[in-house]
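J.: Prediction below, plus the sequence it came from.
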Amino acid sequence: MTSMTLKGIAMALSLVGSSMAMAANDGQARVSELLGSSTEYRDTWQSVIKSEERVPDWIINLSGVSPQQMSAVPEDGDNYLVGPLCETAESCKSGRLLVAFSMDKEDAYALYVQVPAGLPADKSPTRHATYRFLGKPDEGMQLMLMEQLKKDPDWY
């Protein structure tokens with residue numbers, strides 16, 4: 001009887017552990033991890049940036065810092081995995097990238113936002129920022145990326 005109970009406990013712990021592992025990977029991705037996680041992400045991103053000029057290496061390689069996890073965001077009937085990326089944690093206020101990948105990993109778009117370095121805290125970054133869209137997003141995608149930017153508490 002004891003061995004049956006121990007087997008049951010072991011099986012239950014195994015199921016809980018695998019469920020936790022699946023939950024940890026379900027929508028918990030960060031932009032900085034995407035290119036290493038799938039060749040589809042890498043190929044799609046390369047097609048986005050191949051025609052772009054003067055793009056920093058951290059954007060080309062999506063190798064910066066992801067301050068938060070990506071989330072599913074609807075746009076025109078489709079869901080996109082959307083998240084932010086900065087070159088470093090300290091540079092997020094002066095330069096950030098918002099990336100959106102379609103769930104099938106076939107399309108990607110981004111919004112590159114730059115604010116002059118050293119902008120005083122009392123100056124609104126929205127008034128001094130430059131915005132550059134990557135991947136030729138349509139108007140709806142541009143609006144969605146801008147909305148995601150506005151959700152940042154440091155963006156006013």
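T.: Received the coordinates, thanks. Numbering: from 1, shown residues only.

J.: which ones are touching the residue sitting nearest the centre point of the chain?
T.: Nearest to the mean C-alpha position of the chain, by Cα atoms, centre = their mean, lies Gly83 at 2.4 Å. By Cβ atoms under 8 Å, 6 or more residues apart in numbering, Gly83 lies in contact with Ala29, Arg30, Val31, Ser66, Gln68, Gln69, Met70, Ser71, Leu98, Val99. The way it works is simple: take the backbone N, C-alpha and C, and place the C-beta from them, glycine included.

J.: at 7 Å what do you get?
T.: Each residue near Gly83 by Cβ atoms under 7 Å, 6 or more residues apart in numbering is listed here: Arg30, Val31, Ser66, Gln68, Gln69, Met70, Ser71, Val99.

J.: Relative to Asp138, which of the residues you listed is nearest.
T.: Among the contacts of Gly83, Val99 lies closest to Asp138 (Cβ to Cβ), at 16.3 Å.

J.: tell me which element the closest one is part of?
T.: Assigned by DSSP states H and E, Val99 belongs to strand 95-102.

J.: Same check on Val73?
T.: strand 71-75.

J.: Enumerate the positions of that strand that are buried.
T.: Across strand 71-75, burial judged by 16 or more other Cβ atoms under 10 Å covers Val73, Glu75.

J.: Pull out the buried positions in the next helix or strand after that strand.
T.: Toward the C-terminus, strand 71-75 is succeeded by strand 78-86 as the next helix or strand (DSSP H and E). Within strand 78-86, the residues that count as buried by 16+ other Cβ under 10 Å are Tyr80, Leu81, Val82, Gly83, Pro84, Leu85, Cys86.

J.: Can you give the distance from strand 78-86 to the centre of its chain?
T.: Remark: strand 78-86 is offset 4 Å from the chain centroid, using Cα atoms, centre = their mean, to the nearest Å.

J.: how big is the angle separating that strand from strand 71-75?
T.: 130 degrees (axes from the mean of the first three to the mean of the last three Cα atoms, to 10 degrees).

J.: Could I get the CA-only coordinates of strand 78-86 as CSV?
T.: Extracted in CSV, the C-alpha atoms of strand 78-86 (Å, rounded to 0.1, in the frame of the first residue of the first chain):
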residue,chain,number,x,y,z
ASP,A,78,-5.2,38.3,-35.5
ASN,A,79,-3.1,38.0,-32.3
TYR,A,80,0.5,39.1,-32.1
LEU,A,81,3.1,38.5,-29.5
VAL,A,82,4.2,42.0,-28.5
GLY,A,83,7.0,43.1,-26.2
PRO,A,84,9.6,45.8,-25.5
LEU,A,85,13.4,45.7,-26.0
CYS,A,86,16.1,48.2,-24.9
